[in-house]
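Everything below, folded, please.
(one chain, ligands or ions: 1)
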Amino acid sequence: MQMIASVLGLILFMASSLMLSSFSGATSKAPYLEISASQSHYVLTPYQSFLQNTDQAHYEDVNELSNSVWQQSTNAPHLGVNLTQWVRIPIQINAPKTDKWLLEVGWPNFSYIDWYLKDQATGKLIDHQVPAQSTQNDQLSFPISLPSTGSYMLYIKVVGHEKIILPLALKTLDIHDQEIHIRSLLTGLFYGVLCAMLFYNLSLYAFTHESNYGAYCLYVISIIFYTLSTSSHYISFLHGHFDWFDQYAYRISVPIAFLSAAIFIRKFLLLSERNDATQYVSKVAILIWTMIFLMTPIMPATWQIWIIDIFAFTSCVVGLWISSFVWYKGDPSGKYITIAWTPLMIATFVLMMGLTNIISFSMNLYYLQNIAFTVEVLLISTALAERINRERQEREEAQAQSIYYEQRSVEARQREITAQQHAIEVERTAKENLEQQVAEQTSELKLAMYSLTQANTELEIMSQTDGLTNLINRRHFDRKFTEAFDRAIDAKWMMAILMLDIDFFKKVNDQHGHQAGDQCLRDISAIFQGMTDDKCDLCARYGGEEFCIVLPNRTKEQAYDIAESIRQAVAEKEIRYGGEMFHVTISIGLYNAVPKHHSQRDKFLKHADEALYMAKRNGRNQVAS
Ligand SMILES: Nc1nc2c(ncn2[C@@H]2O[C@H](COP(=O)(O)OP(=O)(O)OP(=O)(O)O)[C@@H](O)[C@H]2O)c(=O)[nH]1
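This next block holds a predicted model:
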């Protein structure tokens, strides 16, 4: 806020300085202009009087008017808008330096100018130009021939479409030529800088498509348009060719200049993104200048120029406030705009004071504004470059940061993948170990099951087998015999049963010992097994020294032969144990028949047992049936 106060203070200081200088100049004027050999340049303003809002068109009519209708002006007279204006200057000529003088009109916006030089002594016109012909290279200067001595009244008629201010001067041709060279040089420099900046930023816009460059180019074009319309250069090049445009040049160029400036500032300072008053103020400024521009064809020139002056004045202050506020809020772009705009705002402010008759107007105020424009265009161009460069750096930093985070993300992802791979590897290894353990345990289980099966088989065999003789035991025989019996019933086979008992076995035990008796049991059991078919015959230890042989599907003769063969083999068998050798005999009971029914099973055994008993009773060592 301090900065805003200092800027406003500076503006007021300059304005007051110019006003003071203007008023102080006005207080020392003489009633007429005295032209002598001492000076080459005379300002006519202090001696001018004018007819305001007159409709007089002819010199003859004006010449008839009394002195009282002529109004004295302390400054360059502001003669209103779109009217024929008359100004007169009393001149006392006393041997001037030369008779080659130029009447310079320091205001570009008029349609044409006439001048008349009247001899006050005779009342006759001694010279006049209708319309006045300007010099070749300066449309604002008109040759005028001054007599060598005498009192004269110079009448000037100006016809314009717009506001007319008439800062008049008389200059010798030499002075004018010197000034025109300097002015041409400065003008060339001014437009050269503007055009250079325009094409430079246009090329940047073409390459980067950065909209700030585009908006800035429009602004520079509007400045060129405005300065052309407010200077003699426009008149030099275009005046008279476009009548309609001649009338509206100033009224169009000023709104366009402020409008494009408002658009550029709003864009460059990103005001549309701000949540403060600058956003709305800039929008209102754009709206107002758009409306002023659009109203040009329909609004009376007097009103529009008055409105333009008011809002131009306001816009200068508001523009500086906005850029200063943005600067104060920390945006460096606000600083550059403030620095660039301050000289222009001051120059425009001063110009507006001249145009509104607060201070004395002269074309130098426009030249001051042109200088400020040049400084501003250069500074803003630099600010634009700085801004774009800063944004590029911010983008690069953001990109670098983005790449950094992306790399971090990739690394994190890589670590995640590695961890996942490690987890998969661990899982795979665990699975393999588990499978291996399961396989090993399965193998062990299979082995255990096989061993168990083996043990069960062995146990079953043991449970079915007589441990001494290795023949099937009585319990297993009962089951197997039942099966064989049923099979014989179904097949209608002959079923033979042999009941075998060792004769006088008690004696064997008694004589040779129980161990020898056991050996005897083993030997004759081996004979039974060797002489029967182990696939279909049953051979069992039926009791202590009693055995049973079942012979399925045998005739009685076949069974008998087997029984007799067994008996003989036993009898011939030499039983050796403990260095002793002895023989035993056996008695065999044979029963055979075709079984018809299950109930006959025990009967078959009983009959065989009875036959055995018979063999025992008949003397033993025989087969009975
Ligand atoms: N060594 C031995 N002797 C047994 C076994 N089982 C039974 N004995 C004996 O066999 C004998 C059977 O005798 P007995 O029933 O009197 O019959 P025997 O002496 O053979 O006379 P007969 O049958 O009438 O010819 C008994 O002395 C039993 O002790 C055995 O497993 N081993």
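
quick one, what contacts residue 267?
Residue 267 makes contact with 211-212, 215, according to Cβ atoms under 8 Å, 6 or more residues apart in numbering. Placement of C-beta: from N, CA and C, glycine included.

Same check on residue 525?
Applying Cβ under 8 Å, 6+ apart, one finds that residue 525 lies in contact with 469-471, 539, 541, 547.

count of residues packed around whichever residue of the stretch 301-450 of the chain sits closest to the ligand?
Closest to the ligand within the stretch 301-450 of the chain is residue 450: 34.6 Å, counting by Cβ to the nearest ligand atom. Neighbours of residue 450 under the rule other Cβ atoms under 10 Å: 10.

before we move on, the earlier item: please, a ChimeraX command that selects the buried ones among the contacts of residue 267?
To isolate the buried subset of the contacts of residue 267 in ChimeraX, counting by 16 or more other Cβ atoms under 10 Å, use the following:
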select :212,215
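
And the closest residue to the ligand within the stretch 101-250 of the chain, how far from residue 308?
Ranked by Cβ to the nearest ligand atom, the top residue of the stretch 101-250 of the chain for proximity to the ligand is residue 209, at 120.8 Å. Separation of residue 209 from residue 308 (Cβ to Cβ, to the nearest Å): 34 Å.

Quick check: nearest residue in space to the closest residue to the ligand within the chain, chain neighbours excluded?
Among the residues of the chain, residue 517 lies closest to the ligand, at 2.4 Å counting by Cβ to the nearest ligand atom. Leaving aside its chain neighbours, residue 517 sits nearest to residue 509 (4.3 Å; criterion: Cβ to Cβ, 6 or more residues apart in numbering).

May I see the buried residues of the helix or strand harbouring that neighbour?
Under the criterion of DSSP states H and E, residue 509 resides in helix 505-512. By 16+ other Cβ under 10 Å, the buried positions in helix 505-512 come out as 505, 508-509, 512.

isn't residue 157 right next to residue 105, touching?
No - using Cβ atoms under 8 Å, residue 157 is not in contact with residue 105; the gap is 11.6 Å.

Common neighbours of those two, please.
Common contacts of residue 157 and residue 105 (Cβ under 8 Å, 6+ apart): residue 113.

sorry, back to before: so the residue of the stretch 301-450 of the chain closest to the ligand, which of the three states?
Put simply, residue 450 is helix when judged by DSSP: H, G, I helix; E, B strand; the rest coil.

of all the residues in the protein, which ones are close to the ligand?
With Cβ under 6 Å from any ligand atom as the criterion, the chain meets the ligand at residues 501-507, 509, 514, 517-518, 521, 544-545, 616, 620.

Got a PyMOL select line for the buried ones in those?
The buried residues among these can be selected in PyMOL (16+ other Cβ under 10 Å) with this line:
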select buried, resi 501+502+503+505+509+517+521+545+616
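
Out of the residues of the chain next to the ligand, the closest to residue 341 would be?
Of all the residues of the chain next to the ligand, residue 341 sits closest to residue 518, with 136.6 Å by Cβ to Cβ.

Which elements pack onto the helix or strand hosting residue 408?
Assigned by DSSP H and E, residue 408 falls within helix 363-464. On a contact count with 3 or more Cβ pairs under 8 Å, 6 or more residues apart in numbering; DSSP states H and E, helix 363-464 meets helix 173-208, helix 211-229, helix 243-268, helix 332-355, helix 474-491.

Adding mean pLDDT, write the ones you listed out as CSV.
Shown next, in CSV, are the helices and strands packed on helix 363-464 (pLDDT from 0 to 100):
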stretch, mean pLDDT
helix 173-208, 88
helix 211-229, 89
helix 243-268, 85
helix 332-355, 85
helix 474-491, 94
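
could you redo those helices as JSON lines and give each row distance to residue 130?
Output for the helices and strands packed on helix 363-464, formatted as JSON lines (distance: least, Cβ to Cβ, whole Å):
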{"stretch": "helix 173-208", "distance to residue 130": "22"}
{"stretch": "helix 211-229", "distance to residue 130": "27"}
{"stretch": "helix 243-268", "distance to residue 130": "20"}
{"stretch": "helix 332-355", "distance to residue 130": "29"}
{"stretch": "helix 474-491", "distance to residue 130": "161"}
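
And the ones you listed: which comes nearest residue 36?
Ranking the helices and strands packed on helix 363-464 by proximity to residue 36 (Cβ to Cβ) places helix 173-208 first, at 15.2 Å.

between that closest one and helix 363-464, how big is the angle?
Helix 173-208 and helix 363-464 meet at an angle of 10 degrees, taking axes from the mean of the first three to the mean of the last three Cα atoms, to 10 degrees as the criterion.

which parts of helix 173-208 are buried?
Using 16+ other Cβ under 10 Å as the test for burial, helix 173-208 gives 173, 175-176, 179-180, 183, 187, 190-191, 193-194, 197-198, 200-202, 204-205.

So for the helix or strand hosting the residue of the chain closest to the ligand, mean pLDDT?
Following DSSP H and E, one finds residue 517 within helix 514-530. For helix 514-530, mean pLDDT rounds to 95.

Check stretch 547-565 too.
Computed over stretch 547-565, the mean pLDDT rounds to 95.

ok so, going back, the helices and strands packed on helix 363-464: which one's closest to residue 322?
Between residue 322 and those, the shortest gap by Cβ to Cβ is with helix 243-268, which sits at 6.6 Å.

and that closest one, how far out from the chain's middle?
Computed by Cα atoms, centre = their mean, to the nearest Å, the separation of helix 243-268 from the middle of its chain amounts to 39 Å.

Now do that helix against helix 332-355, angle only.
Counting by the same axes, to 10 degrees, helix 243-268 lies at 150 degrees to helix 332-355.

Report the buried residues of the following helix or strand past helix 243-268.
Note on helix 243-268: by DSSP H and E, the next helix or strand toward the C-terminus is helix 277-294. For helix 277-294, the neighbour count (16+ other Cβ under 10 Å) marks 278-279, 281-282, 285-286, 288-289, 292-293 as buried.

and residue 577, how many neighbours?
Other residues near residue 577 come to 18 when the count uses other Cβ under 10 Å.

actually residue 262, not the one I wrote
By the criterion of other Cβ under 10 Å, residue 262 has 26 neighbours.

looking at it, it is touching residue 286, isn't it?
Yes - with contact defined as Cβ under 8 Å, residue 262 reaches residue 286; the gap is 4.8 Å.

Restrict the strand or helix carrying residue 87 to CA atoms and write it as PDB.
Following DSSP H and E, one finds residue 87 within strand 84-94. Presented in PDB, the C-alpha positions along strand 84-94 are these (Å, rounded to 0.1, in the frame of the first residue of the first chain):
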ATOM      1  CA  THR A  84     -16.000  25.500 -37.200                       C
ATOM      2  CA  GLN A  85     -13.800  27.400 -34.800                       C
ATOM      3  CA  TRP A  86     -12.200  30.800 -35.000                       C
ATOM      4  CA  VAL A  87      -9.100  32.100 -33.200                       C
ATOM      5  CA  ARG A  88      -7.500  35.500 -33.500                       C
ATOM      6  CA  ILE A  89      -4.100  36.700 -32.400                       C
ATOM      7  CA  PRO A  90      -3.000  40.400 -32.400                       C
ATOM      8  CA  ILE A  91       0.500  40.700 -33.700                       C
ATOM      9  CA  GLN A  92       3.000  43.600 -33.600                       C
ATOM     10  CA  ILE A  93       5.700  43.100 -36.200                       C
ATOM     11  CA  ASN A  94       9.000  45.000 -35.900                       C
END
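
Tell me how far the most centrally placed residue in the chain lies from residue 308.
The residue lying closest to the centre of the chain (Cα atoms, centre = their mean) is residue 402, at 10.3 Å. Distance of residue 402 to residue 308, given as Cβ to Cβ: 49 Å.

Repeat that for residue 488.
In this structure, residue 488 and residue 308 are 141 Å apart, going by Cβ to Cβ.
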